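Trainee: just a sequence and a predicted model for now, questions to come.
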Amino acid sequence: MSSSFRAPPLPSYSEIDLVALLQAFWKQKKLIMLTAASFGIAAAAYAFLVTPEYQVSSVLRPVAINELDALNRSEVYKLPPGDALIKVGASLESYETRLGFFRANQDLFKKFERPGRSLEQSFDEFNRDALKLVLPDPKKADLLSAFIGLELNYSSNVDGVHILNSFVRYAIDAERQNIAADLKVIVNNRLAELEGKIEAARASYQTGKAARIATLEEADNIKRAQLQDELRALRLQLKTGRTDRIALLTEAISIAKNLNIQKPTTPSALGEAGRVGDSSIMRTEINNQQIPLYFMGVETLEAERSALQRRKVDDFTEGRIAQIARELDLLKSNREIEVLRQRQNEDLFLQGIEPLRAEVARLRNLGNLDISNMKLVTIDRQALEPLAPIKPKRTLVIVLGLLFGGVVGLLIALVRYVFYNSCAGDKGIPALVSPPKSKSLNAESVA
């Protein structure tokens, strides 16, 4: 049996008809153009009515080395050109310097004053929004690329060129005054230090002399005590050794008597003493072992013991004792101490006085160094009147206004077209979304 049936249509999907969309935009071109023109007019009004903002800048670079040679040769205040540039940059960035310039030139900042604001509040607005310090790339840290830039943004009713150039000169003068003040303080401190050293030199000498004498005496006393301790220890060691030797000899005498050894002999000779033979035989004995003491015989051992028992002093048996006696005799008088105590004109022995006095004279001559005309930085570029404002960029604003208005007009046209298409169906404007043709599926099954 066979049967046929028609499958249900597949789900439809939406696809955008670009031709219909473009036709819809074309039909509403007046609306789009009117919207773009409206935004363009608004942008042009903003561009021409808003207060223009200008920008000026100044660039500072390091000075030549010879400009700071007099200061650096003073050996008191070292200021390489790079450090001088950094100091001036820090002064330009300093809140205190900027506030001081603001207070000293209030007539230049009348435009920044507002009713109900204090002087500091008006300055804070200027400092936060108008001034900007420009620094070089830290990856290119060399003297050729070193610079410090300062930018000032201002409106057309402010004399920004005069403000920026005056502020740069003010900051340089302020830093120059700081350097002069630092130099004066350093020189005065050094002078006070040197004069104090000169005044303390004599007292220091006396203290050093007394300390030297005390040190020498203490060292002699310590050395003397150590030598006496060593002498007593050596004598005790020798006495103990003599007593031990007597005891050892006594024991060896007892053994020799038991063996009937009266004269010095050897173990081999002692073993062959009872043999009968030619007495004229000469024997040579090689033995690497120490022969016991009792083989020396009773006579020899008793003689040595008697001599040891009669001995009263053992000093002659140790050479170190004579050396100790010599060293103790030398310690009875210290010639260096005697010379120190017999000095008459002790000023001749003061150390470091002449260099200190020469340094005092040199530092006092630094008072003639003129810092007021010293050049710290080079003004590579002064602020000049700008040719055009940086804000607003009128052409860009108008073009962006027209583009934005065109986009808004297209969106309005699209919304109107979709709304009209959903309400009117297929009437009027061509359909924005056209459904695809449905497909049928035929299938046969054979049972």
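Mentor: Happy to help now that I have it. Residues are numbered from 1 along each chain as shown.
Trainee: count the residues that sit near residue 236.
Mentor: For residue 236, the count of nearby residues is 11 (other C-beta atoms under 10 Å). Using the backbone N, CA and C atoms, a C-beta is placed for each residue, glycine as well.
Trainee: any idea how far residue 396 is from it?
Mentor: 110 Å (C-beta to C-beta, to the nearest Å).
Trainee: can you name every helix or strand that the lengthiest strand in the chain contacts?
Mentor: As assigned by DSSP state E, the longest strand anywhere in the chain is strand 53-62. The contact analysis (3 or more C-beta pairs under 8 Å, 6 or more residues apart in numbering; DSSP states H and E) places strand 53-62 against helix 81-93, strand 148-155, helix 160-259, strand 377-381.
Trainee: I'd like the mean pLDDT over that strand, please.
Mentor: The pLDDT scores in strand 53-62 average 84.
Trainee: from the chain's centroid, how far away is the helix or strand just after that strand?
Mentor: Of the helices and strands lying after strand 53-62 in sequence (DSSP states H and E), the nearest is helix 69-72. Relative to its chain's centre, helix 69-72 lies at 27 Å (C-alpha atoms, centre = their mean, to the nearest Å).
Trainee: and the closest residue to residue 44 other than its chain neighbours, what is it in contact with?
Mentor: Once flanking residues are discounted, residue 44 sits nearest to residue 398: 5.1 Å by C-beta to C-beta, 6 or more residues apart in numbering. Counting by C-beta atoms under 8 Å, 6 or more residues apart in numbering, residue 398 makes contact with 40, 43, 44, 47.
Trainee: next, the buried residues of the host helix or strand of residue 398.
Mentor: Element membership for residue 398 (DSSP H and E) is helix 394-424. Buried residues in helix 394-424, defined by neighbour count with 16 or more other C-beta atoms under 10 Å: 394, 397-398, 401-402, 404-406, 409-410, 413, 417, 421.
Trainee: which one of the helices and strands packed on strand 53-62 has the poorest average confidence?
Mentor: Lowest mean pLDDT within the helices and strands packed on strand 53-62: strand 148-155, at a mean of 82.
Trainee: for that one, which strands pair with it and how are they oriented?
Mentor: With DSSP bridges as the test, strand 148-155 is paired with strand 53-62 (antiparallel), strand 131-134 (antiparallel).
Trainee: what angle sits between it and strand 377-381?
Mentor: Relative orientation of strand 148-155 and strand 377-381, computed by axes from the mean of the first three to the mean of the last three C-alpha atoms, to 10 degrees: 50 degrees.
Trainee: and the contacts of strand 148-155?
Mentor: By C-beta under 8 Å, 6+ apart, strand 148-155 touches 51-61, 85, 88-89, 92, 111, 129-136, 160, 163-164, 167-168, 377, 383, 390.
Trainee: drop anything exposed from the residues you listed.
Mentor: Among the contacts of strand 148-155, those buried by neighbour count (16+ other C-beta under 10 Å) are 53-61, 85, 88-89, 92, 130-131, 160, 163-164, 167-168, 377, 383.
Trainee: which of the helices and strands packed on strand 53-62 sits closest to residue 25?
Mentor: Among those, strand 148-155 comes nearest to residue 25, with 42.5 Å by C-beta to C-beta.
Trainee: tell me the buried residues in the closest one?
Mentor: Judged by neighbour count (16+ other C-beta under 10 Å), strand 148-155 contains these buried residues: 148, 149, 150, 152, 153, 154.
Trainee: export the residues you listed to CSV and append columns for distance to residue 373.
Mentor: Output for those, formatted as CSV (distance: C-beta to C-beta, whole Å):
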residue, distance to residue 373
148, 21
149, 25
150, 23
152, 27
153, 33
154, 31
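Trainee: show me which of those is closest to residue 67.
Mentor: Nearest to residue 67, judged by C-beta to C-beta, of the buried residues of strand 148-155 is residue 148 at 16.5 Å.
Trainee: against residue 380, how distant is the closest one?
Mentor: In terms of C-beta to C-beta, residue 148 sits 10 Å off from residue 380.
Trainee: need the overlap of contacts for these two.
Mentor: With C-beta under 8 Å, 6+ apart as the test, residue 148 and residue 380 both reach 59, 60, 61.
Trainee: could I get those residues as TSV with distance to residue 329?
Mentor: Listed next are the shared contacts of residue 148 and residue 380 as TSV, based on distance: C-beta to C-beta, whole Å:
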residue	distance to residue 329
59	84
60	80
61	79
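Trainee: looking at the buried residues of strand 148-155, which is nearest residue 205?
Mentor: Looking at the buried residues of strand 148-155 and their distance to residue 205, the nearest is residue 148, at 52.6 Å (C-beta to C-beta).
Trainee: who does that closest one form a beta bridge with?
Mentor: Under DSSP bridges, the beta-bridge partners of residue 148 are residue 60.
Trainee: next: the one 5 residues further on.
Mentor: When assigned by DSSP bridges, residue 153 has beta-bridge partners residue 55.
Trainee: so who does residue 92 touch?
Mentor: 133, 148, 150, 167, 168, 171.
Trainee: the closest residue to it other than its chain neighbours: what's it in contact with?
Mentor: Residue nearest to residue 92 in three dimensions, not counting chain neighbours: residue 171, with 4.8 Å by C-beta to C-beta, 6+ apart. When contacts are counted by C-beta under 8 Å, 6+ apart, residue 171 touches 88, 91, 92, 94, 97, 101.
Trainee: how about 6 Å then?
Mentor: With contact set as C-beta atoms under 6 Å, 6 or more residues apart in numbering, residue 171 has these partners: 91, 92, 97.
Trainee: looking at the strands paired with strand 148-155, which is nearest to residue 257?
Mentor: That would be, of the strands paired with strand 148-155 and by C-beta to C-beta, strand 53-62, which comes in at 108.0 Å.
Trainee: who touches that closest one?
Mentor: 81-82, 85, 146-155, 160-161, 164, 168, 377-383, 386, 389-391.
Trainee: one more: stretch 354-365?
Mentor: Here stretch 354-365 has contacts from 187, 190, 191, 194, 197, 198, using C-beta under 6 Å, 6+ apart.
Trainee: what's the nearest residue to the third one if we skip its chain neighbours?
Mentor: In other words, residue 191. In space, residue 191 is closest to residue 363, 5.4 Å off (C-beta to C-beta, 6+ apart).
Trainee: again, but for the last one
Mentor: Spatially, and ignoring its direct neighbours in sequence, residue 198 is nearest to residue 356 (5.4 Å; C-beta to C-beta, 6+ apart).
Trainee: and the fifth one, by the same measure?
Mentor: Beyond its immediate neighbours in the sequence, the residue positioned closest to residue 197 (C-beta to C-beta, 6+ apart) is residue 356, lying 5.5 Å away.
Trainee: so how far is residue 305 from the spatially closest residue to residue 314 that is not a sequence neighbour?
Mentor: Leaving aside its chain neighbours, residue 314 sits nearest to residue 238 (3.7 Å; criterion: C-beta to C-beta, 6+ apart). For residue 238, the distance to residue 305 (C-beta to C-beta) stands at 17 Å.
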